[in-house]
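1. here is my input; please provide its structure:
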Amino acid sequence: MENVTFAPSEFILDCLNHSDHRSLITAILFFIYLVTVTGNVLVILVIILDHQLQTPMYLYIGILACIDLISSTNIIPKMLSSILYDRVVPKVACFVQLYILHHLEVMQTFLLTFMAYDRYVAVVNPLRYPSIITTKTVLHSLLVSSACAFFLIAPFAFICVSFPIYRTNVLPYCLCDYVTILRVACVDYVSYLIPGSTVSVLMLFFPLSAILFSYSKIVQAVLKISSNEGRRKAFSTCLTHLMIVSMFYVPLFTAYVFPSTGITVEEYNVIAIIPCIIPPMFNPIIYSFRNKEMKNGILKLLCKRKTVPESNKH
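-> Numbering: from 1, shown residues only. Below is the predicted model:
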């Protein structure tokens, strides 16, 4: 049989089209997206409207919510579309999705690191916290995260764009990402995969090491706190952040490292989609709603409660 190659102007997403549980999967995805959008929009609105929450810690939470909201919107609506009726995605749109996906992933690795440093300073050097961690610090960390993401991801996105021909224009996945494009391009898969996996490992290892180092120092400082209530609150904050870190890093590390070890396409699809859609849904719940000030702000926003001055009460 003669080999056929393509120079496609569009791709076809082969997204669960042969599954017997398409209706169930569609319902689950829609529920995840609804919860994700609702939770993250509430977090963003509360931080914008409540001036008392416009502190560095809550600004970081707000940035995380924005990233989660954009990331989910970049992925889930197209997944639903490809499952239900329209599997075709223009080539340009495919590469835009690829770039946004990986850019936000890198940004989040840096953001989680800065958030760990924020907590480190708050616990270890509380008296110096207002002078070290400021709104300007948050803005600078956001710019650094975005710039690093651009310089790390842009070369790989450019490589994908420069591929002239493909073995097929059918992508065996529910979204466009670097590994999936490599699978169908007429290139040496391993030679292009190894640099990507190497950068991914480094981007996962060094920020994660910094986070764990920060929290090891936080634990040492917390153990010296004499107040049981103070220790409990500090450990609760650490545990919450480490849960978010674990949910983000473990599946992501698996998704980028294991393809080079012979994992199947189906297994890769499941592993790679989890860090894209699950953490953005749980982050507002775990990281924000467990915070008393954030929870009160959300309740106030939803119930439109107004504070009545004591002097007006009779």
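
2. which stretches of the stretch 151-300 of the chain form strands?
-> 170-171 (DSSP state E, counting those that start in this stretch).

3. let me see the mean pLDDT of the host helix or strand of residue 32.
-> Residue 32 is part of helix 22-49, with elements assigned from DSSP states H and E. Mean pLDDT, helix 22-49: 89.

4. show me what that helix is packed against.
-> Secondary structure elements in contact with helix 22-49, counted by 3 or more CB pairs under 8 Å, 6 or more residues apart in numbering; DSSP states H and E, are helix 56-84, helix 265-283, helix 292-303. Any C-beta I mention is one placed from the backbone N, CA and C, and that applies to glycine too.

5. now tell me which helix or strand of the chain has the poorest mean pLDDT.
-> Ranked by mean pLDDT, DSSP states H and E, the weakest helix or strand in the chain is helix 228-257, scoring a mean of 71.

6. pLDDT score assigned to the closest residue to residue 42 other than its chain neighbours?
-> Leaving aside its sequence neighbours, residue 42 sits nearest to residue 298 (CB to CB, 6 or more residues apart in numbering; 5.3 Å). Residue 298 is assigned 77 on the pLDDT scale.

7. surely residue 116 touches residue 241?
-> Yes. Counting by CB atoms under 8 Å, residue 241 is a contact partner of residue 116 at 6.7 Å.

8. anything in contact with each of the two?
-> Residues touching both residue 116 and residue 241 by CB atoms under 8 Å, 6 or more residues apart in numbering: residue 215.

9. can you list the low-confidence ranges for the protein?
-> 1-4, 6, 16-21, 226, 229-230, 233-234, 237, 251-272, 288-290, 304-314 (pLDDT under 70).

10. mind doing that once more with 50?
-> By pLDDT under 50, the low-scoring segments of the chain are 1-2, 306-314.

11. what's the helix or strand for residue 12?
-> For residue 12, the host element (DSSP H and E) is strand 10-13.

12. for that strand, which outside residues touch it?
-> Taking CB under 8 Å, 6+ apart as the rule, strand 10-13 contacts 78, 82, 87-91, 94, 169-171, 173-176.

13. give the buried residues for that strand.
-> For strand 10-13, burial by neighbour count (16 or more other CB atoms under 10 Å) applies to 11, 12, 13.

14. same deal with stretch 117-129?
-> 117, 118, 119, 120, 121, 122, 123, 129.

15. got the CA positions of it in CSV?
-> The C-alpha trace of stretch 117-129 is given here as CSV (Å, rounded to 0.1, in the frame of the first residue of the first chain):
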residue,chain,number,x,y,z
TYR,A,117,7.8,31.7,48.7
ASP,A,118,5.0,34.0,49.8
ARG,A,119,4.1,31.6,52.6
TYR,A,120,7.7,31.0,53.5
VAL,A,121,8.3,34.7,54.1
ALA,A,122,4.9,35.0,56.0
VAL,A,123,5.9,32.3,58.4
VAL,A,124,9.6,32.5,58.7
ASN,A,125,10.0,36.3,58.5
PRO,A,126,6.6,37.7,59.4
LEU,A,127,7.9,41.1,60.5
ARG,A,128,9.6,41.7,57.1
TYR,A,129,6.7,40.3,55.0
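
16. run the chain-centre distance for that stretch.
-> Computed by CA atoms, centre = their mean, to the nearest Å, the chain-centroid distance of stretch 117-129 equals 25 Å.

17. again, but for stretch 54-64
-> Distance, centroid of stretch 54-64 to centroid of chain: 15 Å (CA atoms, centre = their mean).

18. same question for stretch 217-235.
-> Using CA atoms, centre = their mean, the offset of stretch 217-235 from its chain centre is 29 Å.

19. over to stretch 139-159?
-> Centroid separation for stretch 139-159 versus its chain: 15 Å, with CA atoms, centre = their mean.

20. now that stretch: buried residues?
-> Those would be 141, 142, 145, 146, 148, 149, 152, 153, 156, 157, 159, for stretch 139-159 by 16+ other CB under 10 Å.

21. who's in contact with residue 91?
-> By CB under 8 Å, 6+ apart, the neighbours of residue 91 are 8, 9, 10, 11.

22. against residue 176, how distant is it?
-> 9 Å (CB to CB, to the nearest Å).

23. likewise residue 250?
-> Residue 250 is 23 Å from residue 176, by CB to CB.

24. of those two, who's got more company?
-> Between residue 250 and residue 176, residue 176 has the larger neighbour count (other CB atoms under 10 Å), namely 24 against 14.
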